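Participant: dropping a prediction and its sequence here:
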Amino acid sequence: MFGTGSGVDPPPTLPSSPVFESMPAAAGITLHVSGAVAAPGLVTVGEGARVADAVAAAGGSLPGADLGGINLAALVRDGDHIVVPVAASSGDGATLAAVREDGRVSLNTATVTELQGLPGVGPVLAQRIADHRDAHGPFRTVEDLLDVTGIGEAKLATLRDSVVLP
């Protein structure tokens with residue numbers, strides 16, 4: 001008999017100091033690539049990688065991507081968010097402004113602030129529109145706005161004449 005005589009075993013002893021196991025560090029650096037890329041989302045690239053490497057890791061750029069709008073040679077850091085813009089052209093190669101002379105706003109090139117200029121679009125909805133564009137690529141039709149949370153048929157009808165797709 002190995003007990004204390006009471007029939008109850010003593011509780012196990014705990015180490016006097018906590019035991020920590022080291023977790024292996026993630027290889028490379030992780031960043032978010034969105035916009036006009038084939039597979040937007042999180043990608044991992046090696047140390048010393050450049051924006052071009054991150055775009056390639058996201059499946060490469062889509063046709064119509066404006067690679068001249070970003071610095072492909074820039075070094076990336078862990079946690080960076082890279083947005084590959086969509087080229088908006090008028091047919092003659094000139095880049096179009098996000099807000100046209102007639103006041104219409106380009107869904108694919110407008111900033112969150114510019115989107116807030118649309119009727120009935122505040123900061124939250126403007127951010128949702130931009131986030132949807134970043135996650136899913138450029139809008140192909142105005143009706144694609146129906147995929148954005150908070151935009152239904154009535155809101156789409158209000159926006160239809162105020163937006164443009166290049």
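Facilitator: It's in. Numbers count the residues shown, from 1 in each chain.
Participant: elements contacting the lengthiest helix in the chain?
Facilitator: The single longest helix within the chain, with elements called by DSSP state H, is helix 123-136. If contacts are counted by 3 or more C-beta pairs under 8 Å, 6 or more residues apart in numbering; DSSP states H and E, helix 123-136 sits against strand 29-35, helix 112-115. All C-beta atoms are positioned from the backbone trio N, CA, C, and that covers glycine.
Participant: now the residue most central in space within the chain: closest residue in space, sequence neighbours ignored.
Facilitator: By C-alpha atoms, centre = their mean, the mean C-alpha position of the chain lies nearest to Ser34, the distance being 4.4 Å. Spatial nearest neighbour of Ser34, chain neighbours left out: Asp134 (3.7 Å); criterion: C-beta to C-beta, 6 or more residues apart in numbering.
Participant: list the contacts of that neighbour.
Facilitator: Ser34, Gly35, Pro40, Val83 (C-beta atoms under 8 Å, 6 or more residues apart in numbering).
Participant: give me the beta-bridge partners of the residue nearest to the centre of the chain?
Facilitator: Beta bridges link Ser34 to Val83 when assigned by DSSP bridges.
Participant: thanks again, I'm all set now.
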